[in-house]
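Trainee: Mind looking at a prediction? Sequence and model below.
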Amino acid sequence: MGTNLVVETLYSPAHIHALSLPAWDVLLRQARRADLSARVYWVLREHDLLGSVPEKPRVYLELAWQYAERQRSAVQWELNTLWRSLQNLGIRIILLKGAAYLTANLPSAHGRILSDIDLLVPRDAIDMVERALIQDGWIATHQNAYDQRYYRQWMHEIPPLEHAKRGTVVDIHHAILPVSARIQADMNKLRMAAIPLNIPGDFAVLAPIDMVLHSAAHLFYDSELGHGLRDLVDIDALLRYYGTEAAFWEDLLHRGSTVGLSRALYYALRYSQHILNTPIPATIMAQAEIFGPPAWIRSIMDQLYLRALIPHHPSCMTLPARIANFLLFIRGHWLRMPLRLLIPHLLRKAFVPHRQA
Amino acid sequence: MKVSDLGFHHLSGLLDRGDLVLRTGPFDTTIHSPLACVHHGIATLYADFEVLQEPVFSDFHVRVAPPAGLRRWVGKQVLFHYDDEIPFKPLPQDQAFPMLEWGLNWSISTHAHQYLVIHAAAIERGGRAVIMPAPPGSGKSTLCAALIHHGWRLLSDELALLSPIDGALTPLARPVSLKNESIDIVRGFGPEIVIGPLSRDTLKGTVAHMRPPAASVRRAHETALPAWIVFPKYRLGAGAILARHVKAQTLMSLVENTFNYQALGETAFRALSHLVDRCDCYTFEYDRMERALEMFSDLSACPD
């Protein structure tokens, strides 16, 4: 109970030689819960370890990989379709997170599974983007009045759109964090630095340092940590890939403070290094300490995040982990909503039965 | 070691603790349930199935149990858990055993993508197999139950597992699900028939399961190459009409009847195309079981 086999495998793949069949059973279930099955497959393949995996687990890891690969081509197809709906609006669409990694062919794309497609558009374009998509068969999720108000009035976002026939979900953002959040990021700077993609349509991805910052903001200001470990794996992959360039680290720190995301960046660097052994230059870690919280808060955050950034599977979710997860859930909401909205919202989430959108 | 070797008390203990690992064809499933009706259902219908003793890698981890909280005692319900997920709404507790069966079917069709999972019965004789896709109400289960007691080996009554690599069918040989009138019809086939407890008022009406023939279970590791695809339909006044079915239409029907077609994409298309190419495809309408048994017998007697 409490053994995080997924992180052990990602951190030091060779340790799979010591795994018994029941341990493989637990590893695969944890990886599945964390959406990291295909990633585990890829890491083992990169280290030439697939031959050491017993037959049944290897079959299931391969299936997960094939699923992720099929999703890759499906995403390209979806983007083509989205472009047909949006091309007349004259805006550049920035891809975020999974969709960005896949189309830009980044190392974080290997074994990456998407739950939805995240797009970033200018704030004043949100309404016309929504209208254009609804016209082409996308329907609003979260139809009930409360959720609609939550998204539109308080979070200043639109609820995710789902395609009526295909079931694909598109999440349209105009900012990295909700408008009502206590921390704000300067979106103009991020948009200006975006890098166009070589695919049909006016699509772009954030600059490397901004990708890291966005992922960090998403992870450390969000309330749902079910994908926390997966998000950390993304951050680790981005840092390893771009970190070979000398200028990257200085630019990253500088940008973090310019746009107001240095606290999130601090946590990203700290926990990526601690959990996934990301190679970060010592000088950079030392500089990043300035952006950290006071020591007593830092040690609370360590207690919380080191327990919550695990697969949310019963085999490793101990009671402390569940408590940590709950406290971070509250924190995430607190960061996004003023108190007068937060308390009623949390009460509602606790007592009103959740209906499927 | 088989389920029947365990003794009911030992079996119950394993199920209570979630330590029972049951082998059904290619899958090892860890089953967890505190409910007596599930213990009895497994003891009766899975008597001939292998139980794994040492700790292993399980393909599926399932749990059939009452919900936590008030519903445990008020309006008794049961939930199916797949690992830490709850894919379905609760059912009345007396449907716990069928829920296990439906849950196992769901587990396979949602996760076992190493096979094409076709909604069809599959039986084998003389080294060649028949795939019988059929919508509910076509009489497929009754026909299947009859055939497997007249010379045919049961591969599956519900889920035909087709390998996309070698085109062979892998057996499950699990209990045959029956509903409403077919329960009594099948009971009447002979004294060797064992039917498990009935669950009434399910979405499908009254539901029960027939224990699979021990010989079929014993040979559940033997794959078989399909030679025929037959769409059966019970129809009053039909006589016994075997008619060739256009292959292109057969392919389209199979696409519709393959649970994981979308998940497998091109692989599924190729596998089904090869299947339809190599098989003789028919529709078969019948109104008397004896004529149906004869027809299938004749089919299996045809040279390759």
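Mentor: Structure's in. What do you need? In this text the structure is predicted, and so the values were computed from the model without any measurement.

Trainee: what residues does chain B put near chain A?
Mentor: By Cβ under 8 Å from any Cβ of the partner chain, the part of chain B that sits against chain A consists of B:55-59, B:61, B:83-84, B:113-114, B:263, B:265. C-beta coordinates here come from the backbone N, C-alpha and C atoms, glycine included.

Trainee: Which among those count as buried?
Mentor: B:56-59, B:61, B:83, B:113-114, B:263 (16 or more other Cβ atoms under 10 Å in any protein chain shown).

Trainee: closest to residue A:141 among these?
Mentor: Closest to residue A:141 out of those is residue B:263 (22.7 Å), distances taken as Cβ to Cβ.

Trainee: returning to what we had before: and of the residues of chain B next to chain A, the nearest to residue B:126?
Mentor: residue B:114 (26.9 Å).

Trainee: could you measure the nearest residue to the closest one once chain neighbours are set aside against residue A:53, distance?
Mentor: Leaving aside its chain neighbours, residue B:114 sits nearest to residue A:59 (5.4 Å; criterion: Cβ to Cβ, 6 or more residues apart in numbering or on different chains). Computed as Cβ to Cβ, to the nearest Å, the residue A:59 to residue A:53 distance reads 9 Å.

Trainee: So for these two, which residue has more residues nearby?
Mentor: residue A:53 (21 against 16; other Cβ atoms under 10 Å in any protein chain shown).

Trainee: Give the residue spans of the chain that score low on pLDDT.
Mentor: No chain specified, so I'll use chain A. A:1-2, A:153-156, A:177-185, A:338-340, A:352-357 (pLDDT under 70).

Trainee: meant chain B actually
Mentor: For chain B (pLDDT under 70), the answer is B:71-72.

Trainee: Quick check: phi and psi on residue 286?
Mentor: The chain I'm using is chain A. Here is the backbone geometry of residue A:286 (degrees, to the nearest 10): phi -60, psi -50.

Trainee: Wait, chain B was what I had in mind.
Mentor: Dihedral angles (degrees, to the nearest 10) for residue B:286: phi -150, psi 160.

Trainee: For it, give its distance to residue A:297.
Mentor: 76 Å.

Trainee: Could you do residue B:108 as well?
Mentor: Taken as Cβ to Cβ, the span from residue B:108 to residue A:297 is 49 Å.

Trainee: likewise residue A:335?
Mentor: For residue A:335, the distance to residue A:297 - Cβ to Cβ - is 14 Å.

Trainee: what residues does the stretch 1-150 of chain A put near chain B?
Mentor: A:20-22, A:24-25, A:28-29, A:32-33, A:54, A:56-57, A:59-60, A:63, A:66-67, A:70.

Trainee: still on that earlier bit, have a look at residue B:286 and residue A:297 and say which one is more surrounded.
Mentor: It is residue B:286, of residue B:286 and residue A:297, that has more neighbours when counted by other Cβ under 10 Å, with 22 against 10.

Trainee: just checking, the more buried one touches residue B:243?
Mentor: No. In this structure, residue B:286 is not within contact of residue B:243 by Cβ atoms under 8 Å, at 11.8 Å.

Trainee: Identify the residue nearest the geometric centre of chain A.
Mentor: residue A:231 (4.1 Å; Cα atoms, centre = their mean).

Trainee: show me where chain B has helices.
Mentor: B:3-6, B:8-17, B:36-45, B:96-111, B:140-147, B:181-187, B:214-218, B:247-257, B:261-264, B:266-278, B:289-301 (DSSP state H).

Trainee: Can you give me the end-to-end span of stretch A:267-286?
Mentor: The first residue of stretch A:267-286 is 13 Å away from its last residue (Cα to Cα, to the nearest Å).

Trainee: quick one: that stretch to chain centroid distance?
Mentor: Averaging C-alpha coordinates over stretch A:267-286 and over its chain gives two centres that are 18 Å apart (Cα atoms, centre = their mean, to the nearest Å).

Trainee: which residues sit against it?
Mentor: Applying Cβ atoms under 8 Å, 6 or more residues apart in numbering or on different chains, the contact partners of stretch A:267-286 are A:7, A:10-11, A:212, A:215-216, A:219-220, A:232-233, A:235-236, A:239-240, A:243, A:249-250, A:253, A:288, A:292, A:301, A:305-306, A:309.

Trainee: Mind listing what's buried along it?
Mentor: A:267-272, A:275-276, A:278, A:280.

Trainee: what angle sits between the helix ranked longest in chain A and helix B:266-278?
Mentor: Using DSSP H to assign secondary structure, the helix with the most residues in chain A is helix A:55-86. Angle, helix A:55-86 to helix B:266-278, by axes from the mean of the first three to the mean of the last three Cα atoms, to 10 degrees: 110 degrees.

Trainee: Which strands and helices lie in contact with helix A:55-86?
Mentor: Secondary-structure packing of helix A:55-86 (3 or more Cβ pairs under 8 Å, 6 or more residues apart in numbering or on different chains; DSSP states H and E): helix A:21-33, helix A:37-46, strand A:93-96, helix A:97-103, strand A:117-120, helix A:126-135.

Trainee: Residue of the stretch 251-357 of chain A closest to chain B, please.
Mentor: Relative to chain B, the nearest point of the stretch 251-357 of chain A is residue A:314 (5.2 Å; Cβ to the nearest Cβ).
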